[in-house]
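Asks: this one's sequence-less:
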């Protein structure tokens, strides 16, 4: 029998699935044959119990329940296909008795679905232009870092400077008491201010080999160790040796030493290629963030609660993983924020709504524009993933077997956003509106 579809709201529909008397009777017969195989009744072999005896021992309801389960498993997928429904979750099903006791019951399945979206105002969006290629100065900086990495450290007879490497002992104290992790002997480190707590490196600069000095420093707040956060400390430092980097010449020999390139020109070209990839990727991220925020603001539609809940759960899980990597327990983190998990979860809701809306909007635009992932697109993505993870292409395919849909969705999303960027009006930063969004995603 045909099913009927009723819209409950923009993100929920109700399917009413009817059963014919013949289907109901056949389903009960089939259910009995399955159930009787495991029936244990004295005097009867398994599978040989007459139906009336079975019903008197196990009840008719047992057969009816099994028959209804089997019918729902058959008819629900067919109803989805009949009405072209892509459900977001498992349905909530109610078995409604027929008004006439002689007729089979009816299934009413409530299903969460995506809202109907007719995207608009997504072409010609004005965004701030972002440079998509690396400059010569970027290549020069990369080459200079390669020189520093390949440098030889040589002892010097002068006071320590930023960029030097010193061999030293130190002992840190707070209020005159040494603290865990604040003491080291024969420690070698490069004097870079951004690597240490404020004041530490500045106090070492200017010291000579053999000199001992008390250096005041202050732990930032917040800090990875809560017991040290915001505290003033004094480090007693003894410098034993000072070395400076002796940089190699920037020539073909250096290129061979630090890379597979045979010449400096080849190395420079390879660096430029890699930097261009990174710069373009970051530029596209910035421009896509601008574009999607503007397109999202121009389109309004209801969001399925189930998708918001899923995304909120994902954000909460991301926070748990981040906290774990920072070496802190989840309970400590919650205590530090002064929020319960339920309260913290609620703070993630706006971001979850934003992500869900953007995803649904990009899907709708892709559908309207006919954007699809071709076999060539998939092959290119597989090759890129193999290179990224240093694995054979076959291993990547094997790992993705259960997640091919996500791979294809990602390709379609990227192609759609790239198309929107190409269609956008890109204006120089100096000419962009004051409210232009430029943050990265």
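Replies: The structure has been received and is ready for your questions. Values in this document were obtained by computation on a predicted structure and should not be read as measured data.

Asks: helix/strand/coil for the residue positioned nearest the centre of the chain?
Replies: Nearest to the geometric centre of the chain sits residue 318, at 7.7 Å (C-alpha atoms, centre = their mean). Three-state call for residue 318 (DSSP: H, G, I helix; E, B strand; the rest coil): helix.

Asks: likewise for residue 44?
Replies: With three-state DSSP as the criterion, residue 44 reads coil.

Asks: can you check which helix is longest in the chain?
Replies: When the chain is parsed with DSSP state H, its longest helix is helix 264-298.

Asks: quick revisit: show me the contacts for the residue nearest to the centre of the chain.
Replies: Residue 318 sits next to no residue when contact means C-beta atoms under 8 Å, 6 or more residues apart in numbering. In short, each C-beta sits where N, CA and C put it, glycine included.

Asks: likewise for residue 64?
Replies: With the criterion set at C-beta under 8 Å, 6+ apart, residue 64 makes contact with 28, 31.

Asks: same check on residue 143?
Replies: Residue 143 touches 250, 267, 268, 271, counting by C-beta under 8 Å, 6+ apart.

Asks: mind listing what's buried along stretch 102-113?
Replies: 104, 105, 106, 107, 108, 109, 111, 112, 113 (16 or more other C-beta atoms under 10 Å).

Asks: list the contacts of the helix or strand harbouring residue 388.
Replies: In this structure, residue 388 is located in helix 375-389 according to DSSP states H and E. Outside of helix 375-389, the residues that reach it under the criterion C-beta under 8 Å, 6+ apart are 391, 392, 393, 395, 396, 397, 400, 407, 408, 410, 411, 415.

Asks: show the buried residues in those.
Replies: For the contacts of helix 375-389, buried by 16+ other C-beta under 10 Å: 396, 400, 407, 411, 415.

Asks: farthest pair within these?
Replies: 396 and 415 (20.0 Å; C-beta to C-beta).

Asks: quick one: residue 128 from residue 424, how far?
Replies: Applying C-beta to C-beta, to the nearest Å, the value for residue 128 to residue 424 is 10 Å.

Asks: quick check: end-to-end length of stretch 12-25?
Replies: 32 Å (C-alpha to C-alpha, to the nearest Å).

Asks: tally of neighbours for residue 229?
Replies: 12 (other C-beta atoms under 10 Å).

Asks: residue 160 sits in which helix or strand?
Replies: Judged by DSSP H and E, residue 160 forms part of no helix or strand.

Asks: OK, contacts around it?
Replies: Counting by C-beta under 8 Å, 6+ apart, residue 160 touches 166, 191, 204, 205, 206, 207, 208, 239, 242.

Asks: the fifth one touches residue 159, doesn't it?
Replies: To tie it back to what came earlier, the one meant is residue 206. Yes. Contact criterion C-beta atoms under 8 Å: residue 206 and residue 159 qualify, at 4.9 Å.

Asks: higher neighbour count, the two?
Replies: residue 159 (15 against 11).

Asks: got the confidence number for the more buried one?
Replies: Per-residue pLDDT puts residue 159 at 97.

Asks: now it: how far from residue 211?
Replies: From residue 159 to residue 211 the distance is 9 Å (C-beta to C-beta).

Asks: go on, residue 336?
Replies: 40 Å.

Asks: what of residue 291?
Replies: 57 Å.
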